[in-house]
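**Student:** Output the structure for:
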Amino acid sequence: MNRIDSNEETTGTDKKSALRRYLEANPSLRDLVKFIFIEKRGILAADESGGSIAKKFDSMNIDDTAKNRRDYRNVFLSTPGLSKYCGGVILFEETAEQKADDGQLFGDFLLDGNVLPGIKLDRGLQPLPNFEGNTYTRGLDDLPERLEKYHGMGFRFAKWRAALNITTDASGKASLPPDQVIDINNTILALYALECQKAGIIPIVEPELVYDGNYNIETSALATTKIIQNLMEKLIAYKLDLPGVILKCNMVLAGKQWKTLSTPEEVATATVTVLSKTVPKQMGAVVFLSGGQTPIQTAANYHAIRTRVSELPFPVSFSFARALQDPALNAWKGDNNNFDEAQTAFSKQLQKVAS
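**Tutor:** Numbers count the residues shown, from 1 in each chain. Sure, this is the predicted structure:
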């Protein structure tokens, strides 16, 4: 892959960004994965579903309107220097149809800023029959058509999330997600990934072990190992090109309701150990979700993991939403008079996480 300067400006008569010129050469998915993570960059997840962003806005008394959602995403997507820290941004489908201040669709705006646009393609969680309290992810029915659409709009990666839970009974005994639940969710992830690569789009596969539970870090490690091993078996069985796949997973840490907060050192050791055992060395990259951790907690745990990346044979980076966005949201408050203040808060948080 030819190196692209993520901060290159367009000059002279050539108004195309370095990324647009690169895409015209039709790079492989493997090379596009490498582009995203040049110089320790990560991915901004700006893809909260309608329900998630409604709850976020409601907590701050912000009206949940299309305009406010567009203005909120615009804080992040138009922040100067975004490409220094983020090689890609995941958008919600609504945002992909909205426009930046210059009148361009947000995907085109990102491409001009040397940031690869990605898209969240799952249709959300649905209760799994016969497995009370468990879910599967919808959206396979019209996936090929949507992939074709977004590829035509310049999107070159996509994300699909599955959510799995550790449950605890009245006596405090924790139970891992049932084998059948893991298997169906990972089968769907593999089918989605297969369609993505067929369409020329990098799949991000996200089998999230939900943080909001009452379990210790050892139980988290057992569950995460079980989930990722099963997914890797599916990806290999379906003949996915692993260097053209990104795994997005939880850090290994005790659940939010557990009596003791896991230390960054514990999180780093457990997470690196699990990834070493479960992820093939050919994997394009592994990125972490923040999963309900506070911005401070996320940054501390991520930095501790980064000190151990030499032990892993694949790139490791971040794909955070709340952990990057919350300081900016608290500054913006739904009022565009606070726009500059919100962008400053976002820039500072990006630097804090990515440094």
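
**Student:** can you pull out the strands in this structure?
**Tutor:** Under the criterion DSSP state E, strands of the chain are mapped to 42-46, 86-91, 116-120, 125-127, 135-137, 157-164, 167-168, 174-175, 202-209, 246-249, 285-288, 316-320.

**Student:** how about those strands in a markdown table, adding mean pLDDT, distance to Ile296 and mean neighbour count?
**Tutor:** No exception for glycine: its C-beta is placed from N, CA and C like everyone else's. Listed next are the strands of the chain as a markdown table, based on pLDDT from 0 to 100; distance: least, Cβ to Cβ, whole Å; neighbours: other Cβ atoms under 10 Å:
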| stretch | mean pLDDT | distance to Ile296 | mean neighbour count |
| --- | --- | --- | --- |
| strand 42-46 | 98 | 17 | 27 |
| strand 86-91 | 98 | 20 | 27 |
| strand 116-120 | 98 | 26 | 26 |
| strand 125-127 | 97 | 28 | 13 |
| strand 135-137 | 98 | 29 | 19 |
| strand 157-164 | 98 | 24 | 24 |
| strand 167-168 | 94 | 26 | 16 |
| strand 174-175 | 95 | 26 | 16 |
| strand 202-209 | 98 | 21 | 26 |
| strand 246-249 | 98 | 21 | 26 |
| strand 285-288 | 98 | 15 | 22 |
| strand 316-320 | 98 | 13 | 26 |
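
**Student:** Would you convert those into CSV that also reports distance to Asp71?
**Tutor:** Formatted as CSV, the strands of the chain follow (distance: least, Cβ to Cβ, whole Å):
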stretch, distance to Asp71
strand 42-46, 13
strand 86-91, 15
strand 116-120, 19
strand 125-127, 27
strand 135-137, 29
strand 157-164, 23
strand 167-168, 39
strand 174-175, 42
strand 202-209, 26
strand 246-249, 27
strand 285-288, 27
strand 316-320, 21
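
**Student:** Of all these, which one is nearest Glu218?
**Tutor:** The closest of the strands of the chain to Glu218 is strand 174-175. By Cβ to Cβ, the value is 9.7 Å.

**Student:** Extract the CA atoms of the helix or strand of the chain with the lowest mean pLDDT and return them as PDB.
**Tutor:** Counting by mean pLDDT, DSSP states H and E, the weakest-scoring helix or strand in the chain turns out to be helix 50-58, with a mean of 91. As requested, the backbone C-alpha atoms of helix 50-58 are provided in PDB (Å, rounded to 0.1, in the frame of the first residue of the first chain):
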ATOM      1  CA  GLY A  50     -32.500   6.500  16.800                       C
ATOM      2  CA  GLY A  51     -33.400   5.000  20.200                       C
ATOM      3  CA  SER A  52     -29.900   5.500  21.600                       C
ATOM      4  CA  ILE A  53     -29.600   9.100  20.600                       C
ATOM      5  CA  ALA A  54     -33.100   9.800  21.800                       C
ATOM      6  CA  LYS A  55     -32.200   8.700  25.300                       C
ATOM      7  CA  LYS A  56     -29.000  10.700  25.100                       C
ATOM      8  CA  PHE A  57     -30.800  13.900  24.100                       C
ATOM      9  CA  ASP A  58     -33.600  13.300  26.600                       C
END
